[in-house]
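Visitor: Sharing a model prediction with you, sequence too.
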Amino acid sequence: MEEVEGNENQVIKLSLQGKKLKAIPPKVFELKNLKYVSFKDNEIAELPAEIGQLKELVYLDIRNNKLTNIPKEIGECTNLKALYIGNGEREVKQYRVANKMEKLPVEIFKLTNLIQLDLSQLALKSIPDELGNLVNLEELYMSSNDLTKLPTSIGKLQKLTNLGCSSNEITKLPEEIGQLNNLQWIWLGYNKLKKLPESFGQLSKMESVYLKGNEFEDFPLVLTKLPAVTNINLGRNKLTSIPAELNEIKQLKVLALDDNQLKTVIEQINNLKSLKSLNILNNKVKIEEFKQLQTVLSDAKIKFNVKK
């Protein structure tokens, strides 16, 4: 920080990533023109209220620290476009620290210029309805929390393209999910979903649907209504059969059905000529059918084994 002495107003970017910091140096809050700052991979226990003084901030990364709350003054950083609070891959591998908080200040949801928001791996119990205020959000990551549902206001996030909600306790999606007209990628793996709302079929730009590790007993037919979908993962569910309608997804390139209870799949997928990858590991499909699949889906790489 000594290097910026006398040049505080010229500092636009600052990285203090992986510096073993226990606290944010007070000098940082004198950098009034700071736009991009990373405190990722440290041991910071508190984000001071002074963060609200950095009015020009566009990018703030505080992942992988020891934070237990976020001050309400974060709501004063109204120019923020990218805010990373959660935990994720660590560039400094030996530090196994993590932010943990059960709730967020509602002031975060006043940051209406946000485009990217990472709230993953925080132990959050719920997301408030104010989420719907973030109308410019394009990427939202909330995986590995303790969420049981998503707020209905999520339907207001009309610009959202990526939504990550894997590894939670979600049992049901709101019908409003179908209002996300620009959604392309969704991660809902390892929840407690048994079905999808009918409105899910309205997601005309949806390309990739990750539903591995849920409780689906029946293949969700709404997936066959997605005109742009190319990647479906329903591995590790409770499927005993798949519907003939699956053959209608002509553009499908990747299909994962591993770790289910399927006995046959060939008649339901033999017209999927665009398929490049098929995973049917750990099912009850016979080897004779696997050999047939190799012939009718000659362009696909097929993962198969004989389940004992």
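Guide: Now that the structure is in, tell me what you want to look at. Numbers count the residues shown, from 1 in each chain.
Visitor: What are the phi and psi values at Leu223?
Guide: As for Leu223, its main-chain torsions (degrees, to the nearest 10) stand at phi -70, psi -30.
Visitor: Can you name the residues that contact the nearest residue to Leu203 once chain neighbours are set aside?
Guide: The spatially closest residue to Leu203, leaving aside those adjacent along the chain, is Leu183, at 5.4 Å (CB to CB, 6 or more residues apart in numbering). For every residue, glycine as well, the C-beta is placed using N, CA and C. Remark: with contacts taken as CB atoms under 8 Å, 6 or more residues apart in numbering, Leu183 is in contact with Leu160, Thr161, Asn162, Leu163, Leu203, Lys205, Met206.
Visitor: In TSV, list the residues you listed along with neighbour count and distance to Ile242.
Guide: Supplementary listing: those in TSV, determined by neighbours: other CB atoms under 10 Å; distance: CB to CB, whole Å:
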residue	neighbour count	distance to Ile242
Leu160	24	29
Thr161	17	28
Asn162	17	27
Leu163	22	25
Leu203	25	20
Lys205	15	24
Met206	24	19
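Visitor: just curious, which of the residues you listed is nearest to Glu215?
Guide: When these are compared for distance to Glu215, the smallest value, 19.9 Å, is given by Leu163; criterion: CB to CB.
Visitor: measure the closest one to Asp259 for me?
Guide: Distance, Leu163 to Asp259, by CB to CB, to the nearest Å: 24 Å.
Visitor: just Leu104 next, same as before
Guide: Taken as CB to CB, the span from Leu104 to Asp259 is 34 Å.
Visitor: do the same with Lys225
Guide: 25 Å.
Visitor: what are the ranges of the strands in the stretch 101-250 of the chain?
Guide: Ranges of strands within the stretch 101-250 of the chain are 116-118, 139-141, 162-164, 185-187, 208-210, 231-233, based on DSSP state E, counting those that start in this stretch.
Visitor: For Leu57, find the nearest of those.
Guide: When these are ranked by proximity to Leu57, the top entry is strand 116-118, at 13.5 Å, counting by CB to CB.
Visitor: Residues contacting the closest one, please?
Guide: Contacting residues not belonging to strand 116-118 are listed as 63, 81-86, 88, 134, 137-141 [CB under 8 Å, 6+ apart].
Visitor: same thing but 10 Å
Guide: Surrounding strand 116-118, the residues in contact under the criterion CB atoms under 10 Å, 6 or more residues apart in numbering are 59, 61-63, 80-88, 108-109, 111, 131, 134, 137-143, 162, 164.
Visitor: What average pLDDT does that strand get?
Guide: Computed over strand 116-118, the mean pLDDT rounds to 98.
Visitor: still on that earlier bit, how about the residue nearest to Leu203, phi and psi?
Guide: Backbone torsions of Leu183, given as degrees, to the nearest 10, read phi -70, psi 130.
Visitor: Local confidence estimate at it?
Guide: According to the model, Leu183 carries a pLDDT of 98.
Visitor: now do Val306
Guide: On pLDDT, Val306 comes in at 87.
Visitor: sec struct for it, please.
Guide: Secondary structure, DSSP: H, G, I helix; E, B strand; the rest coil: Val306 is coil.
Visitor: if we can go back for a sec, can you list the contacts of Leu183 in a markdown table and add distance to Trp187 and pLDDT?
Guide: Putting these into a markdown table (distance: CB to CB, whole Å; pLDDT from 0 to 100) gives the following:
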| residue | distance to Trp187 | pLDDT |
| --- | --- | --- |
| Leu160 | 13 | 98 |
| Thr161 | 13 | 98 |
| Asn162 | 8 | 98 |
| Leu163 | 7 | 98 |
| Leu203 | 14 | 98 |
| Lys205 | 16 | 98 |
| Met206 | 12 | 98 |
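Visitor: Dump the residues you listed to a markdown table, plus distance to Leu252.
Guide: A markdown table is the format used below for the contacts of Leu183 (distance: CB to CB, whole Å):
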| residue | distance to Leu252 |
| --- | --- |
| Leu160 | 23 |
| Thr161 | 20 |
| Asn162 | 20 |
| Leu163 | 20 |
| Leu203 | 15 |
| Lys205 | 16 |
| Met206 | 12 |
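Visitor: which one of those residues is nearest Leu21?
Guide: In terms of CB to CB, no member of these lies closer to Leu21 than Asn162, at 29.9 Å.
Visitor: Name whatever forms a beta bridge with the closest one.
Guide: With DSSP bridges applied, the residues forming beta bridges to Asn162 are Glu139, Trp185.
Visitor: Same question for Asn233.
Guide: For Asn233, the beta-bridge partners under DSSP bridges are Tyr210, Ala256.
Visitor: which outside residues touch stretch 294-308?
Guide: Residues from elsewhere that reach stretch 294-308 (CB under 10 Å, 6+ apart): 253-259, 261, 266, 269-287, 289-291, 293.
Visitor: where's the top helix by length along the chain relative to the chain centroid, distance-wise?
Guide: Under DSSP state H, the helix in the chain containing the largest number of residues is helix 287-296. For helix 287-296, the distance between its averaged C-alpha position and the chain's averaged C-alpha position is 35 Å (CA atoms, centre = their mean, to the nearest Å).
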